[in-house]
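Enquirer: test case, fold it:
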Amino acid sequence: FFFNPHPAIPDSSTSRGLGDVYKRQPLKSIRFSPGNNKTWGINFQRNISKTSETAFWSKLPIGFDIKRVSMAGKLNGINLKNPKNLKLTPYLLSDNNSENKSKVQTGADLKYSITPALTLDLTYNTDFAQVEADNAQINLNRFNLFYPEKREFFLTRSKLFSFGNSRQTEIFFSRRIGLNQNVLGGSRVYGQIGKTSVGALNIHTQAENGLPSTAYSALRLRSDIRDRTTIGAIVTDVSNKEAQNSVIGFDGQMRFWGSSSISAWYSQVNDDQFEKPSQASMIKVDLKNDRYFFTAGQHRVDKDFDPALGFVQRNDMIGTGAIMGFTPRVGNGEELIRQMRYTLYLRDVKNLEGISETGIVNVGIDAIFESRDRVGLKIIQEREKLLNSFTLGNGLEIQKGNYRDRKISLSASCLLYTSPSPRDVEEWRIAGCG
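Expert: Take a look at the predicted model:
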């Protein structure tokens, strides 16, 4: 668990005016194993705005943050009782219309901790009436818009189910569940079993709006097979009496040199509508240190690739891209500028026939000040080749052909402080693990 104990309670007895921090964290809000004389991992992070420094109570190597709890310090002598492991949330809705006809709707959500690291969620006649509405988006291109999930039942440990390229090609995208039908009920199991992260889901929707009752299922596994190497797999299935769509995928990541890594994934869709399965894949190399960074990769999606429980922004594509940069530190704490950042981003997207459709060249220069304020300049050139015309939502037709766009972007950002003396602002974060 992680938290930022803000605001701090000032202590007038300290000459520097720093203060003592008091924070109470209810044990029922976290999972742990009961017992006496237990040892927990704990760490503290201190962000000092005056010098743009980050310090840790338990020392961490460069490239790691406070979430690296395996390198945390130790808190000994903790005596813990068995935590409560059952939570039931029922609801009752009553509706009375103008014809004096009343309708009562009931349902419930149940959360049960099978083990301190494994949780079961059950839902019946799920109510999403209080979910926050989506932000309005205007689509000025021919690709799908991405709307993030906001329903609490699906948000808990949602990253455990993630597979693919975020917002581009996601094999599991819970917004596809209950899109045009009410959720009748279902279950989720998620957590940790040894070195393996487990996520399983099964949801059923009602038959309505001319659509048959549909079952949505997903299984996600991810395991650490050796130090800093992870492999995983995913299986999804959407089926009803009319059709079935199944996906299987594998992914892996190997980390080295501090924060550098190599990652890849592959997935295949089998759909009753098509005779042959379709594939999507990605491979990426990410090299980083304090002065240089370089990332390059290739992303491929077949023309008929359509996971019924996923999100695909663009089909029929082979995207190749690279971003590189140089980030030298130019100050010693007394100059105005602390660090410069020079970046170059290149991207080319071809269809499966080898015709280049999209190209991007982005050159950027940023100056980062001692105060952590930032100013930047970007020069961007984009090209787009439309092989077919398409129509926007307002009825405007975009003709096929070649399009080019050049632009210059100036940006500036600054930190907003609530303290009268921004150079004395400090922030603390605490992390712990049981």
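Enquirer: verify the stated contact: Arg314 with Val301.
Expert: Yes - between Arg314 and Val301 a contact is recorded at 6.6 Å, counting by Cβ atoms under 8 Å. For the C-beta atoms, the positions are set from N, CA and C on the backbone; glycine is no exception.
Enquirer: neighbour count: these two, which is higher?
Expert: Of the pair Arg314 and Val301, Val301 is the one with more neighbours under other Cβ atoms under 10 Å, namely 26 against 19.
Enquirer: what's the local residue count around the closest residue to that one other than its chain neighbours?
Expert: Using Cβ to Cβ, 6 or more residues apart in numbering and skipping residues adjacent in sequence, the residue nearest Val301 is Ala280, 4.5 Å away. Close neighbours of Ala280, defined as other Cβ under 10 Å, add up to 26.
Enquirer: next one: Arg228
Expert: There are 10 residues near Arg228, going by other Cβ under 10 Å.
Enquirer: again, but for Gly310
Expert: Using other Cβ under 10 Å, Gly310 has 26 other residues around it.
Enquirer: cool, and the one 10 residues further on?
Expert: Taking other Cβ under 10 Å as the criterion, the count of residues near Thr320 is 14.
Enquirer: same question, Ser174
Expert: Ser174 is flanked by 22 other residues according to other Cβ under 10 Å.
Enquirer: so how far is Thr119 from it?
Expert: According to Cβ to Cβ, to the nearest Å, Ser174 and Thr119 sit 17 Å apart.
Enquirer: now Ile177
Expert: From Ile177 to Thr119 the distance is 19 Å (Cβ to Cβ).
Enquirer: with neighbour numbers in mind, choose between the two.
Expert: Ile177 (23 against 18).
Enquirer: A strand includes Arg175, no?
Expert: No - with DSSP: H, G, I helix; E, B strand; the rest coil as the criterion, Arg175 is located in helix rather than a strand.
Enquirer: tell me which stretches of the protein form helices.
Expert: Using DSSP state H, the helices of the chain run over 152-155.
Enquirer: for it, which residue occupies the most central location?
Expert: Geometric centre of the chain, nearest residue: Lys159, 5.8 Å, by Cα atoms, centre = their mean.
Enquirer: tell me the buried residues in stretch 396-415?
Expert: Judged by neighbour count (16 or more other Cβ atoms under 10 Å), stretch 396-415 contains these buried residues: Ile398.
Enquirer: for that stretch, what is the distance to the chain centroid?
Expert: Distance of stretch 396-415 from its chain centroid, counting by Cα atoms, centre = their mean, to the nearest Å, is 26 Å.
Enquirer: which intervals of the stretch 1-150 of the chain have sub-threshold pLDDT?
Expert: Within the stretch 1-150 of the chain, the stretches with pLDDT under 70 are 1-25, 28-29, 49-52, 63, 83, 98, 100, 129.
Enquirer: returning to what we had before: what bridges to the residue nearest to Val301?
Expert: Bridge pairing for Ala280 (DSSP bridges) gives the partners Ser267, Val301.
Enquirer: do the same with Val312
Expert: Thr169.
Enquirer: quick check: it touching Asp306?
Expert: Yes - the criterion here is Cβ under 8 Å, and Val312 meets it with Asp306 at 6.3 Å.
Enquirer: between these two, who's got more neighbours?
Expert: Using other Cβ under 10 Å as the criterion, Val312 and Asp306 rank with Val312 on top: 22 against 17.
Enquirer: OK, contacts around that one?
Expert: Contact analysis of Val312 by Cβ atoms under 8 Å, 6 or more residues apart in numbering lists Asn144, Gln168, Thr169, Glu170, Ala280, Val301, Phe305, Asp306.
Enquirer: neighbours of the third one, how many?
Expert: Per other Cβ under 10 Å, the neighbour tally for Thr169 reads 27.
Enquirer: for it, list the residues it contacts.
Expert: Counting by Cβ under 8 Å, 6+ apart, Thr169 touches Ala280, Met282, His299, Val301, Phe305, Gly310, Phe311, Val312, Gln313.
Enquirer: need these in JSON lines with distance to Asn351 and pLDDT, can you?
Expert: Below are these laid out as JSON lines (distance: Cβ to Cβ, whole Å; pLDDT from 0 to 100):
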{"residue": "Ala280", "distance to Asn351": "14", "pLDDT": "98"}
{"residue": "Met282", "distance to Asn351": "17", "pLDDT": "98"}
{"residue": "His299", "distance to Asn351": "13", "pLDDT": "98"}
{"residue": "Val301", "distance to Asn351": "10", "pLDDT": "98"}
{"residue": "Phe305", "distance to Asn351": "13", "pLDDT": "97"}
{"residue": "Gly310", "distance to Asn351": "21", "pLDDT": "96"}
{"residue": "Phe311", "distance to Asn351": "20", "pLDDT": "96"}
{"residue": "Val312", "distance to Asn351": "15", "pLDDT": "96"}
{"residue": "Gln313", "distance to Asn351": "15", "pLDDT": "95"}
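Enquirer: now flag whichever of these is closest to Ala215.
Expert: Gly310 (16.0 Å; Cβ to Cβ).
Enquirer: I figured that closest one hits Ser174, correct?
Expert: No - between Gly310 and Ser174 there is no contact under Cβ under 8 Å: 10.0 Å.
Enquirer: the residue nearest to Val301 touches Ser267, doesn't it?
Expert: Yes - assessed by Cβ under 8 Å, Ala280 is found in contact with Ser267 at 5.3 Å.
Enquirer: show me the common contact partners of those two, please.
Expert: Residues touching both Ala280 and Ser267 by Cβ under 8 Å, 6+ apart: Gly164.
Enquirer: how about the strands of the stretch 1-150 of the chain, start to end?
Expert: For the stretch 1-150 of the chain, the strands defined by DSSP state E, counting those that start in this stretch occupy 2-3, 35-48, 53-56, 73-80, 86-96, 102-115, 118-124.
Enquirer: looking at those, which one is packed in the most?
Expert: Most buried of the strands of the stretch 1-150 of the chain, by mean neighbour count (mean count of other Cβ atoms under 10 Å): strand 118-124, with a mean of 17.
Enquirer: so that strand versus strand 86-96, what angle?
Expert: 20 degrees (axes from the mean of the first three to the mean of the last three Cα atoms, to 10 degrees).
Enquirer: contact partners of strand 118-124?
Expert: By Cβ under 8 Å, 6+ apart, the list of residues contacting strand 118-124 from outside reads 31, 107-114, 153, 156-157, 183-193, 198.
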